[in-house]
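Q: coordinates only, sequence not included:
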């Protein structure tokens, strides 16, 4: 892609002091040109694409390398604590262990609440899903089930055709929850049927191929040879095709059985009205003041290994190991409140308050749900974060839906208006400069999604000192949190509301029409979010410098 394909709209010349005095830097504000070509890239070329620059590298990344190579030379940022509200974290990972927040007011392992914050030995963070016996809640009910359970009897006993204002609001919530619950039950049947199909198909194929491979062992090369030698046997060709696919995609008999068992286990908890999902914590889930439960164990094996990838994108140590995060000045405060299923609003609210009270300036919340039983608790906690000047960042969701139509939690919207100035909702983009720029899975919304960030095919940390590619708005969110932390590190006097404004205003516009919801119609990428932009670290730092000078 040639640079003369780009039209630079220069709305400001902002001066940023660096090691060269009075050096002028020009922000990248708009990109247009011939973006029709689709680039299918190898894993090697995709590694770290999200940190690259549209002008220098022809990738719609966030220009972090460019920022370090020009704006941050010779500068040292201040420590910034970022809370990661998520699953358990591999705190011993080679690329994360040096970035952990340390509670200096707590003496390790003395079983005393030294700082008197209500949480004993919280050296690096807190686990709201554990207990003093080191047991963990691995599965939680869906919020739709909680709501239906709570209001089902009530709405059976009253006339729903003549409801007062309060009950009308509750009934709308109840009906929405019922709709999602029916959808979840349908998904359960499909998942179980899919597991049965895989197991039956794999068993059938193995049985059929025993005639040719009596020991039951064969490779792709063996199957290719068999295919050539029996080209006229159509039934055998079908078995060979299925066997080849099972090998290519790693579907061993053990893996298929494990999948089927995991599906059954998952739904036995998440859609089971009799499942006591608070037995391990032992708290009262309907009392927000019953706040001091859990344990300090942040590391461990869970079915849903999510936090490690999120954390790596944000704060992996910038060295020659693995990947690069946004800054070595970032210190991560892991707070565990996510398991398979939907997060409890009580855990969300308490986790936000814990993060705020213990010094986090940015809170990353890479999760979401369609229904909320106690959203008032969450909103109060979010307001508390705003009062304490803490920025909240979350992914928009992975359903490919319009958040202006279908509500997604958490959000900062009450009756069509924002009630917070410290909340950012993030959609996900791809590396492709064409109609696939918006990730197909990403939720969007001109009113309820603030900005987009890279969120597809991102190479990040995985458990046990490994690395892997992943996608989701869960991964777009820490990209924005990382930029926010970078700004806060170098410009610590900027407030959360100012950092939010800088991030939204300094993004890059891409004049591309993109597809959505499997429709043939293409619409401008700028129509998918409030800002219409993709975040850019280079631009944000330039704007932060100007804002800091005028404070």
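A: Received the coordinates, thanks. Just so you know, these numbers come straight off a predicted model, no measurement behind them.
Q: where does the stretch 101-250 of the chain dip in pLDDT?
A: Counting by pLDDT under 70, not a single residue of the stretch 101-250 of the chain qualifies.
Q: for it, what spans make up the helices?
A: 143-157, 165-209, 220-229, 234-248 (DSSP state H, counting those that start in this stretch).
Q: can you redo those as a markdown table with distance to residue 66 and mean neighbour count?
A: All C-beta spots, glycine's among them, are computed from the backbone N, C-alpha and C. Output for those, formatted as a markdown table (distance: least, C-beta to C-beta, whole Å; neighbours: other C-beta atoms under 10 Å):
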| stretch | distance to residue 66 | mean neighbour count |
| --- | --- | --- |
| helix 143-157 | 42 | 17 |
| helix 165-209 | 43 | 15 |
| helix 220-229 | 43 | 13 |
| helix 234-248 | 39 | 15 |
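Q: can you count the residues close to residue 395?
A: 29 (other C-beta atoms under 10 Å).
Q: closest to residue 54 out of the helices of the stretch 101-250 of the chain?
A: Each of the helices of the stretch 101-250 of the chain has some distance to residue 54 by C-beta to C-beta; the shortest is helix 234-248, at 35.1 Å.
Q: what packs against whatever helix or strand comes next after the closest one?
A: For helix 234-248, the following helix or strand on the C-terminal side (DSSP states H and E) is helix 253-270. The contact analysis (3 or more C-beta pairs under 8 Å, 6 or more residues apart in numbering; DSSP states H and E) places helix 253-270 against helix 165-209.
Q: give me the angle between the helix it packs on and helix 253-270.
A: 160 degrees (axes from the mean of the first three to the mean of the last three C-alpha atoms, to 10 degrees).
Q: and helix 165-209, how far out from the chain middle?
A: On the basis of C-alpha atoms, centre = their mean, to the nearest Å, helix 165-209 sits 23 Å off its chain's mean C-alpha point.
Q: over to stretch 521-536?
A: Centroid displacement of stretch 521-536 relative to its chain, using C-alpha atoms, centre = their mean, is 19 Å.
Q: show the end-to-end separation of it, please.
A: Separation of the first and last residues of stretch 521-536 by C-alpha to C-alpha, to the nearest Å is 28 Å.
Q: run through the chain and note the low-pLDDT ranges.
A: Using pLDDT under 70, the chain drops low at 1-24, 33-39.
Q: what's the distance between the nearest residue to residue 180 once chain neighbours are set aside and residue 174?
A: Closest residue to residue 180 apart from its sequence neighbours, by C-beta to C-beta, 6 or more residues apart in numbering: residue 144 at 4.0 Å. According to C-beta to C-beta, to the nearest Å, residue 144 stands 10 Å off from residue 174.
Q: same deal with residue 30?
A: In terms of C-beta to C-beta, residue 30 sits 46 Å off from residue 174.
Q: figure out which of the helices of the stretch 101-250 of the chain is closest to residue 347.
A: Residue 347 sits nearest to helix 143-157 of all the helices of the stretch 101-250 of the chain, at 12.0 Å, using C-beta to C-beta.
Q: what lies in contact with that closest one?
A: Under the criterion C-beta atoms under 8 Å, 6 or more residues apart in numbering, residues 170-171, 173-174, 176-178, 180-181, 184, 270-271, 273, 342, 345, 369-373 lie in contact with helix 143-157.
Q: that helix to helix 253-270, inter-axis angle?
A: Using the same axes, to 10 degrees: helix 143-157 against helix 253-270 is 40 degrees.
Q: can you map out the strands along the stretch 251-400 of the chain?
A: 330-336, 362-365, 391-395 (DSSP state E, counting those that start in this stretch).
Q: how about the ones you listed in JSON lines, adding distance to residue 412?
A: Converted to JSON lines, these look like this (distance: least, C-beta to C-beta, whole Å):
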{"stretch": "strand 330-336", "distance to residue 412": "20"}
{"stretch": "strand 362-365", "distance to residue 412": "12"}
{"stretch": "strand 391-395", "distance to residue 412": "8"}
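Q: just say which of these is most tucked in.
A: strand 362-365 (a mean of 30; mean count of other C-beta atoms under 10 Å).
Q: can you list the strands that it pairs with?
A: strand 80-86 (parallel), strand 391-395 (parallel) (DSSP bridges).
Q: coming back round to it: among the strands of the stretch 251-400 of the chain, which comes closest to residue 139?
A: strand 330-336 (14.2 Å).
Q: so what touches that closest one?
A: 79-89, 91, 96, 99-102, 124-130, 294, 298, 307, 311, 314-315, 351, 354-355, 358-360, 482, 485, 489.
Q: chain center to that strand, what's the gap?
A: Distance of strand 330-336 from its chain centroid, counting by C-alpha atoms, centre = their mean, is 15 Å.
Q: next one: the residue minimising distance to the centre of the chain from residue 66, what distance?
A: Most central in the chain under C-alpha atoms, centre = their mean is residue 474, positioned 1.1 Å from the mean C-alpha point. Here residue 474 is placed at a distance of 25 Å from residue 66 (C-beta to C-beta).
Q: of the strands of the stretch 251-400 of the chain, which is nearest residue 464?
A: The nearest among the strands of the stretch 251-400 of the chain, by C-beta to C-beta, is strand 330-336 at 16.9 Å.
Q: and the angle for that closest one with strand 80-86?
A: Using the same axes, to 10 degrees, strand 330-336 lies at 30 degrees relative to strand 80-86.
Q: now residue 411: how far from residue 443?
A: Taking C-beta to C-beta, one finds residue 411 at 11 Å from residue 443.
Q: what residues are shared contacts of the two?
A: What both residue 411 and residue 443 touch, as defined by C-beta under 8 Å, 6+ apart, is the set residue 403.
Q: hang on, residue 64 packs against residue 537?
A: Yes: counting by C-beta atoms under 8 Å, residue 64 does reach residue 537; the two are 4.7 Å apart.
Q: who touches both of these two?
A: residue 326.
Q: now the strands paired with strand 362-365 in a markdown table, with distance to residue 378?
A: Output for the strands paired with strand 362-365, formatted as a markdown table (distance: least, C-beta to C-beta, whole Å):
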| stretch | distance to residue 378 |
| --- | --- |
| strand 80-86 | 11 |
| strand 391-395 | 10 |
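Q: which residue sits farthest out from the middle of this protein?
A: Residue of the chain lying farthest from the centroid, by C-alpha atoms, centre = their mean: residue 232 (49.4 Å).
Q: residues contacting that one?
A: Per C-beta under 8 Å, 6+ apart, neighbours of residue 232: none.
Q: just read off the phi/psi values of residue 453.
A: As for residue 453, its main-chain torsions (degrees, to the nearest 10) stand at phi -150, psi 160.
Q: show me the beta-bridge partners of it.
A: Bridge pairing for residue 453 - DSSP bridges - gives residue 428.
Q: quick one: neighbours of it, just the number.
A: Residue 453 has 33 neighbouring residues, counting by other C-beta under 10 Å.
Q: now do the contacts for it.
A: Counting by C-beta under 8 Å, 6+ apart, residue 453 touches 50, 62, 426-429, 476-477, 479-480, 534-535.
Q: rerun at 6 Å
A: 426, 476, 479-480, 535 (C-beta atoms under 6 Å, 6 or more residues apart in numbering).
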